[in-house]
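K.L.:
Output the structure for:
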Amino acid sequence: MAGPGQPAARTYAGAVENKTSGSVQSVERAFHLLELLADNGDSTLTELSAAIDVPAPTTHRFLKTLVSLGYVRQLPNRQYGLGLKLTRLAGRVDSQLAPIVAPHLDTLAREIGESANLAVLEGHMVVYIAQSPSRHAMRMFTEVGHRAYTHLTGVGKAILADLPDEQMARIVGRAGMPAATDRSITDLTKLRKELGRIRRNGYATDNGEQEPGVICYAVAIPDVPISMAISVSGPTFRMTQELAKEAVPLLITEARAISDELLGVLG
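P.N.:
Numbers count the residues shown, from 1 in each chain. Model (predicted):
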């Protein structure tokens, strides 16, 4: 159960209404299984069966079909995880997101003067999928496709703060919490405290936690079905508190605009 100030956890039990036809029920349940594996990581048949409120033999048949199609894989310990075939679909989604988000990143880079990024949560890591570079010769560059730890990055912490505590802990637990600099948060208790601050303030900060001498401000994209965040980052000597007062409200505005546009596309 989510604690005070925590987002509500997604529920699946009873998600399929009785009036839905059997074939549509099967499709819905298959997608629910994929969503569970995306949210929770590798899971047992018993866990998945209980989560979708379907008998184990029926759940096993769904999983067997998804395994045969390559969208789910069965591990040596008999748990189930997402299959590699989903990577191709995820790549297509990312390529469709970038053109929608690009004008908003350009606005951030132009108005703030620093590099702007979009990252999405994939499994237990964040992946950068779009960037608009700073106008300065000395600027931060994050390669599109780069994967990073959630606990080290502004975008990662913004996303984690938007998730239920249990899901956050699973993501961080699977990835681990290695240090990149002497400023990195490597303790789950300290991370929870930091995420509470992010929820109160409405934005996340990476103050040299991933790379020395670099500061990043980030905001999660609200109300969309994909966990994602935007950020601006630059060298410490330019990322002042005065700049933060300008950058954070603009990040929040652009995050809401991206959300509205994506929800319009998704219908």
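K.L.:
all contacts plus neighbour counts: C-alpha atoms, from now on.
P.N.:
OK.
K.L.:
check contacts around Gly70.
P.N.:
83-86 (C-alpha atoms under 8 Å, 6 or more residues apart in numbering).
K.L.:
again, 6 Å this time
P.N.:
Gly70 makes contacts with 83, 85, as judged by C-alpha atoms under 6 Å, 6 or more residues apart in numbering.
K.L.:
Check it and give its pLDDT.
P.N.:
On pLDDT, Gly70 comes in at 88.
K.L.:
Where does the prediction get shaky in the protein?
P.N.:
Applying pLDDT under 70 to the chain flags residues 1-23, 87-95, 137-141, 266-267.
K.L.:
Would you map out the domains in it?
P.N.:
25-82, 93-266 (the TED database).
K.L.:
Quickly compare these and say which is most buried.
P.N.:
Most buried of the domains of the chain by mean neighbour count (mean count of other C-alpha atoms under 10 Å) is domain 93-266; its value is a mean of 19.
K.L.:
give me the element the nearest residue to Phe62 once chain neighbours are set aside is part of.
P.N.:
Using C-alpha to C-alpha, 6 or more residues apart in numbering and skipping the chain neighbours, the partner closest in space to Phe62 is Ala30 (6.2 Å). Applying DSSP states H and E as the criterion places Ala30 in helix 22-40.
K.L.:
Can you give the contact residues for that helix?
P.N.:
Residues external to helix 22-40 that are found in contact with it (C-alpha under 6 Å, 6+ apart): none.
K.L.:
How far away from the center of its chain is it?
P.N.:
19 Å (C-alpha atoms, centre = their mean, to the nearest Å).
K.L.:
where do the helices sit along the stretch 151-267 of the chain?
P.N.:
154-161, 165-175, 188-201, 241-266 (DSSP state H, counting those that start in this stretch).
K.L.:
Of those helices, which is nearest Ile112?
P.N.:
Closest to Ile112 of those is helix 241-266 (C-alpha to C-alpha; 6.2 Å).
K.L.:
okay, the angle between the closest one and helix 188-201?
P.N.:
80 degrees (axes from the mean of the first three to the mean of the last three C-alpha atoms, to 10 degrees).
K.L.:
Give me the distance from helix 241-266 to the chain's centre.
P.N.:
Offset of helix 241-266 from its chain centre (C-alpha atoms, centre = their mean): 16 Å.
K.L.:
what's the answer for stretch 125-137, then?
P.N.:
Relative to its chain's centre, stretch 125-137 lies at 16 Å (C-alpha atoms, centre = their mean).
K.L.:
Run through who's touching it.
P.N.:
Residues outside stretch 125-137 that contact it (C-alpha under 6 Å, 6+ apart) are 98, 105-106, 109, 113-120, 144-150.
K.L.:
May I have that stretch exported as CSV, CA atoms only?
P.N.:
Only the C-alpha atoms of stretch 125-137 are listed here, as CSV (Å, rounded to 0.1, in the frame of the first residue of the first chain):
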residue,chain,number,x,y,z
MET,A,125,17.3,2.0,-15.7
VAL,A,126,16.5,5.3,-17.4
VAL,A,127,17.2,5.6,-21.2
TYR,A,128,17.8,9.0,-22.8
ILE,A,129,15.8,9.2,-26.0
ALA,A,130,15.9,12.8,-27.1
GLN,A,131,18.1,15.9,-26.5
SER,A,132,18.3,19.6,-27.5
PRO,A,133,21.9,20.9,-27.0
SER,A,134,22.9,24.0,-25.2
ARG,A,135,24.1,27.0,-27.3
HIS,A,136,27.3,27.2,-25.2
ALA,A,137,30.5,25.8,-26.5
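K.L.:
Leu121: what secondary structure?
P.N.:
With DSSP: H, G, I helix; E, B strand; the rest coil as the basis, Leu121 sits in strand.
K.L.:
right, and it touches Ala229 too?
P.N.:
No. Using C-alpha atoms under 6 Å, Leu121 is not in contact with Ala229; the gap is 8.7 Å.
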